[in-house]
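**Q** Structure of the sequence below:
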Amino acid sequence: MYRFKKFLFVLLISAAASPVYAQTKAERQTIRQLQQDAGYLASDELEGRATGSEGERKAADYIIKRYKQERILPYQGTYKHPFNFVKGREINTTTQIRIGENTLRIPEDAFPLAFTGSGKATGAVLPDVMEQGSIWLVPLYQNETEAQDPHFDWEKYTYDKTREAAKLGAQGILFYDSYQAKYPPAFNTRSDYEKTDIPAAILHYDAWQRLVNNTGNAANQTGIHIELNPAVNKTEGTGHNVTGYIDNQAPYTVVIGAHYDHLGYGLDGSSLHSGERQIHNGADDNASGSALLLHLATQIKKSKLRNYNYLFIHFSGEEMGLLGSKAIVRDLQLDSNRIAYMINMDMVGRLNDSTHALTIGGIGTSPAWHMIGKHDYFRIRTDSSGVGPSDHSSFYHAGVPVLFFFTGTHKDYHKPGDDAHLLNYPGMAQIGGYIFNIVKRMDQEAKPAFTPTRQVSTGRTRFKVTLGIIPDYSFQEGGVRVDGVSENKPAAAAGVQAGDVIIGLGSHTINGMQSYMEALGAFNPGDATEVTIRRGTEEKTLPLIFSKP
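**A** The predicted structure follows:
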């Protein structure tokens, strides 16, 4: 499950038909295949299957091999469906920082902050003198305690200070370490702070000491000549969704999906592990779902289900914000005009043998899910919402009824200990049988109707007002891209649509999520303003009246 699911919620369903619990020869064979599939996907060889990595490629090749073994064809002629994503940021080789006659080494002596503005700033600078039109030379730490504190958030401090400096007319800002920090800052390749308006950089302790020793009191009289010319690039990667397809020449298609990516060696803070760098194998999250998807594809291939086509999708990029499912829904137009319903499996490998607790989300997305009730074996928890911390959300926002299966979190969630030997394979087989019975029953039914559901709380900052959008937290192109628009909310009333990029709220310029949230905090219910959006190549300004959340 992706890293924005800090808002864990309890979910969904129970269905009509009961699985068979005694292990037959066929069930033992199913368990062995699940062990083989999940065991390989969660092996150290794949190094945690990070999106765009060699491990992701090996996992994709294995999944394709399994589909070929089962004689399941690809979708639209190809098993792999690539998508590009912003991987992070890097220092451009053109970056130059000069002090006096010396050109500093990057990043050994100094480095630009990941959110630096572009352009060149130059001038004679007096330390700690913060004047309009000049470069500010500012201490990074206020005292020894901050410099030795491993929890000091230097990036937030420098970001806030840089924005303050820009508002007060600074030409640029250079932070210096005068305390020899125990945990010195380094360029953050995965920073999600917005680009600022002025050049910003950090000077390391040794470079600062050389500067002090070389200039002495002269710097206090005439100032230090500083030149900041930073450049930071976005780095891009390519992930791959993997598909299998059973074409029954039916008018509508059923999507059954599971993500197969995970955190690699920790994915930039998404890991809950605080020790040394280790592979995060992600057996439950989500080799379990992908292994079960292969099993269901095999079952459906051997069945006589013919009233729908069946599209099996192994998503990548889920841990980075549902990137793969968003891309494939968008690129292949997998909306309600073509898709009957979608079933998603994420973390289905830790069924508790005592409680048999199975949570299922999305039962409110269609009246067809009324079939889901009490079950003889599973203790089912249900939730109506179609939005949750996994790939079914991308289909819900496209108007598709969804179901989401999940066996719960555990102490190994997003840690290196999520390994294949801890999976409950008999439990996975029973869940697979249960889902297959739902698919089998639905194959006799008409295309299910879609109903919008409530939104779940994300646990993010609460405001006095709401705009009524689902933001795309992975978007880094300037502004806030809209993933979805809630009915009967201000954005919908103003005419904002999914895919629009919000670039202004009243007098507030929106460069990303920080400025968006700051702008929301400035409004009260009933305030009338305008929202400026970018729709394709066109800019539009729409009248807007804020309401209560």
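
**Q** who does whatever helix or strand residue 380 lives in pair up with?
**A** Residue 380 belongs to strand 379-383 when assigned by DSSP states H and E. Looking at strand 379-383 with DSSP bridges, its partner strands are strand 357-361 (parallel).

**Q** Just to be sure, residue 541 is in a helix?
**A** No: assignment of residue 541 by DSSP: H, G, I helix; E, B strand; the rest coil gives strand, placing it outside any helix.

**Q** Is it in contact with residue 531, as I believe?
**A** Yes: using Cβ atoms under 8 Å, residue 541 is in contact with residue 531, at 7.5 Å. Just so you know, the C-beta spots here come from the backbone N, C-alpha and C atoms, and that holds for glycine as well.

**Q** shared neighbours of the two, which are they?
**A** residue 504 (Cβ atoms under 8 Å, 6 or more residues apart in numbering).

**Q** Looking at the two, which has the bigger crowd around it?
**A** residue 531 (25 against 12; other Cβ atoms under 10 Å).

**Q** Give the pairing partners of the host helix or strand of that one; include direction for each.
**A** Using DSSP H and E, residue 531 sits in strand 528-535. Here strand 528-535 is paired, per DSSP bridges, with strand 501-505 (antiparallel), strand 538-545 (antiparallel).

**Q** immediately after the strand holding residue 380, which helix or strand?
**A** That would be, after strand 379-383 and using DSSP H and E, helix 392-396.

**Q** excluding its backbone neighbours, what's nearest residue 261?
**A** Leaving aside its sequence neighbours, residue 261 sits nearest to residue 316 (Cβ to Cβ, 6 or more residues apart in numbering; 4.4 Å).

**Q** Run through the residues that contact that neighbour.
**A** Per Cβ under 8 Å, 6+ apart, neighbours of residue 316: 51-52, 56, 60, 83, 239-242, 259-261, 323-324.

**Q** and the residues you listed as CSV, adding distance to residue 112 and secondary structure?
**A** As requested, the contacts of residue 316 are arranged in CSV below (distance: Cβ to Cβ, whole Å; DSSP: H, G, I helix; E, B strand; the rest coil):
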residue, distance to residue 112, secondary structure
51, 26, coil
52, 24, coil
56, 30, helix
60, 35, helix
83, 29, strand
239, 28, strand
240, 32, strand
241, 35, strand
242, 38, strand
259, 34, strand
260, 36, coil
261, 30, coil
323, 27, helix
324, 31, helix
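
**Q** Tell me the one among these nearest to residue 435.
**A** Using Cβ to Cβ, residue 259 is the member of those that sits closest to residue 435, with 16.3 Å.

**Q** Next, count neighbours for that closest one.
**A** 34.

**Q** coming back round to it: how much space between the residue nearest to residue 261 and residue 331?
**A** Distance, residue 316 to residue 331, using Cβ to Cβ, to the nearest Å: 14 Å.

**Q** Could you tell me which residues touch both of these two?
**A** Common neighbours of residue 316 and residue 331 (Cβ under 8 Å, 6+ apart) are residue 83.

**Q** Switch the contacts of residue 316 over to CSV; also include distance to residue 124.
**A** Below are the contacts of residue 316 laid out as CSV (distance: Cβ to Cβ, whole Å):
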residue, distance to residue 124
51, 47
52, 45
56, 51
60, 56
83, 49
239, 48
240, 53
241, 55
242, 59
259, 55
260, 56
261, 51
323, 47
324, 51
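
**Q** Buried ones only from these, please, as a ChimeraX command.
**A** Here is the ChimeraX selection string for the buried members of the contacts of residue 316, based on 16 or more other Cβ atoms under 10 Å:
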select :51,52,56,60,83,239,240,241,242,259,260,261,323,324
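
**Q** tell me which element residue 190 falls in.
**A** Here residue 190 is assigned to no helix or strand, by DSSP H and E.

**Q** per-residue confidence for it?
**A** Looking at residue 190, its pLDDT stands at 82.

**Q** these two touch, right, it and residue 90?
**A** No: here residue 190 does not reach residue 90: they are 10.9 Å apart, not a contact under Cβ under 8 Å.

**Q** hmm, back to that, quick check, nearest of the contacts of residue 316 to residue 287?
**A** Nearest to residue 287 among those is residue 260, at 7.2 Å by Cβ to Cβ.

**Q** Next up, the contacts around that closest one.
**A** Here residue 260 is in contact with 41, 49, 56, 59-60, 63, 242, 286-287, 289-290, 314-316 (Cβ under 8 Å, 6+ apart).

**Q** how near is residue 177 to residue 381?
**A** Distance from residue 177 to residue 381, by Cβ to Cβ: 51 Å.

**Q** Name the residue in the two with the higher neighbour count.
**A** residue 177 (21 against 17).

**Q** Next, report how far the strand holding residue 531 is displaced from the centre of its chain.
**A** 26 Å (Cα atoms, centre = their mean, to the nearest Å).

**Q** Since that was my last question, I'll sign off now.
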